[in-house]
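Peer 1: here is a sequence with its predicted model. Questions after.
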Amino acid sequence: MDLLTTPLHALHTELGAKMVPFAGYDMPVQYPAGIIKEHLHTREAAGLFDVSHMGQVVIEGPDTVAMLETLVPVDLDGLPVNGQTYALFTNEAGGVQDDLIITRWGEQRFFLVVNAACKAADIAYLQAHVNGQQLMVLEDRALLALQGPEAREVMQNLSPEAAALTFMQGCEATIAGVSVYITCSGYTGEDGFELSIPADQADAIARLLLEQPAVEAIGLGARDSLRLEAGLCLYGHELSETIDPVQAGLLWSISKARRADGVRPGGFPGAEVIFDRMENKPALRRVGLAVEGKRPVRDGQVVLDADGNRVGEICSACYGASVGGPIAMAYVSRALGEPGTPLQVDVRGKMIPVTVTRMPFSPQRYFRG
């Protein structure tokens, strides 16, 4: 099967990117500088990521708020225009089908960004639930993410209206005469922006951003290590159809209005299961692990207690360039999830000591005004 490409594919190859298959697309995993340097550059200046493989969807029409609230445990009725929220598509078992970002564009008009690997399934799921609403997949749009402590200064030079945004806000803006929709969120733990751009203008806008002294192109490898350091979940790792939001540590993603004692309780798939987990606590919890020494651990490796009993499994792991050593996230027995708890990981028969640690590993620096 031929891989799909984003509107920036030619630019990636021009910049010397190492391209790999990802979610059906040919994507840059790193550039010549390498993952560690790209990771550190994003933490210190500003990194530009091509995330055009993700799905961009607009839903509008009568009762769009009510329809979407049957799918996600979020208070969309209370979301202001140009406000964003993190959301989960839950299933009847209380698990997670995907995580996504929802932005309110109007009274009954919403912009959704969904994960690339789940894009086709998410769009089909939404289409099956629309009832009088119009669903538009924005196939002719690219999506860029500009992340890092100097991202706001870069945006100030190119789009002052966007530079005024605070965390989880969006606005219509113009860059070099091109109309773009810009939001202030991101998945690196840093201040930053996402730019939804007409596909035929994406190359020009990306090159304009890369002309800024603070900005360098960053691949998917550093994007993953940055989000892990920030303690953020990745679908297929920390989230799945068998992992509920409570054990994932995402209780904050269930709006107060939609909880059992809220003004509009439940009404989303798996609500009663999730409410029970909130009350009685699941057996497992997501934790951060600091790894002793330099030997890395890997996804899927078994976590054991001091006596060698299996107590969990690694869900994500990497070298944390900002913290100077290997780190991981895992699901472990709730009783062993307190910071400071010593555990071990079976790495091909060798026991590697790890310690439960607080997350994020690297401080989140979102701009909240």
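Peer 2: Sure thing, it's come through.
Peer 1: and the helices in the stretch 101-250 of the chain?
Peer 2: Ranges of helices within the stretch 101-250 of the chain are 119-129, 151-158, 160-163, 202-210, 220-229, based on DSSP state H, counting those that start in this stretch.
Peer 1: which strands or helices does the last one pack on?
Peer 2: Helices and strands in packing contact with helix 220-229 are listed as strand 25-30, helix 35-44, strand 46-50, strand 310-320, strand 325-333; criterion 3 or more C-beta pairs under 8 Å, 6 or more residues apart in numbering; DSSP states H and E. Yep, even glycine has a C-beta here, placed from its N, CA and C like the rest.
Peer 1: what's the helix or strand just after the third one packed up against?
Peer 2: Toward the C-terminus, strand 46-50 is succeeded by strand 55-60 as the next helix or strand (DSSP states H and E). Based on contacts counted as 3+ C-beta pairs under 8 Å, 6+ apart, the elements that strand 55-60 packs against are strand 96-106, strand 109-114, helix 119-129, strand 134-137.
Peer 1: can you rerun that using 10 Å?
Peer 2: helix 64-69, strand 96-106, strand 109-114, helix 119-129, strand 134-137, strand 141-147 (3 or more C-beta pairs under 10 Å, 6 or more residues apart in numbering; DSSP states H and E).
Peer 1: quick revisit: highest average neighbour count across the helices of the stretch 101-250 of the chain?
Peer 2: Ranked by mean neighbour count, the helices of the stretch 101-250 of the chain are led by helix 220-229 with a mean of 25 (mean count of other C-beta atoms under 10 Å).
Peer 1: that one vs strand 325-333, what angle?
Peer 2: 60 degrees (axes from the mean of the first three to the mean of the last three C-alpha atoms, to 10 degrees).
Peer 1: just checking, next helix/strand downstream of helix 220-229?
Peer 2: Using DSSP H and E, the first helix or strand after helix 220-229 is helix 271-280.
Peer 1: how far out from the middle of the chain is the next helix or strand after that following helix?
Peer 2: Next in sequence after helix 271-280, counting helices and strands by DSSP H and E, comes strand 284-291. Put simply, strand 284-291 sits 18 Å off its chain's centre (C-alpha atoms, centre = their mean, to the nearest Å).
Peer 1: can you list the helices and strands that strand 284-291 packs against?
Peer 2: strand 310-320, strand 325-333, strand 342-347, strand 350-357.
Peer 1: sheet partners, orientation included, of that strand?
Peer 2: strand 325-333 (antiparallel), strand 350-357 (antiparallel) (DSSP bridges).
Peer 1: need the winner for burial among those.
Peer 2: Most buried among the strands paired with strand 284-291, counting by mean count of other C-beta under 10 Å: strand 325-333, with a mean of 23.
Peer 1: could you check the angle strand 342-347 makes with that one?
Peer 2: 100 degrees.
Peer 1: angle of strand 325-333 against strand 310-320?
Peer 2: Per the same axes, to 10 degrees, the angle that strand 325-333 makes with strand 310-320 is 160 degrees.
Peer 1: first-to-last residue distance for stretch 286-299?
Peer 2: The first and last residues of stretch 286-299 sit 14 Å apart, counting by C-alpha to C-alpha, to the nearest Å.
Peer 1: show residues contacting stretch 262-276.
Peer 2: 66, 68-75, 77-78, 87-97, 244-246, 251, 254-261, 277, 282 (C-beta atoms under 10 Å, 6 or more residues apart in numbering).
Peer 1: which of these count as buried?
Peer 2: Neighbour-count burial (16 or more other C-beta atoms under 10 Å) is assigned, among the contacts of stretch 262-276, to 68-69, 71-75, 87-91, 94-97, 244-246, 254-255, 257-259, 277, 282.
Peer 1: many thanks, I have nothing further to ask.
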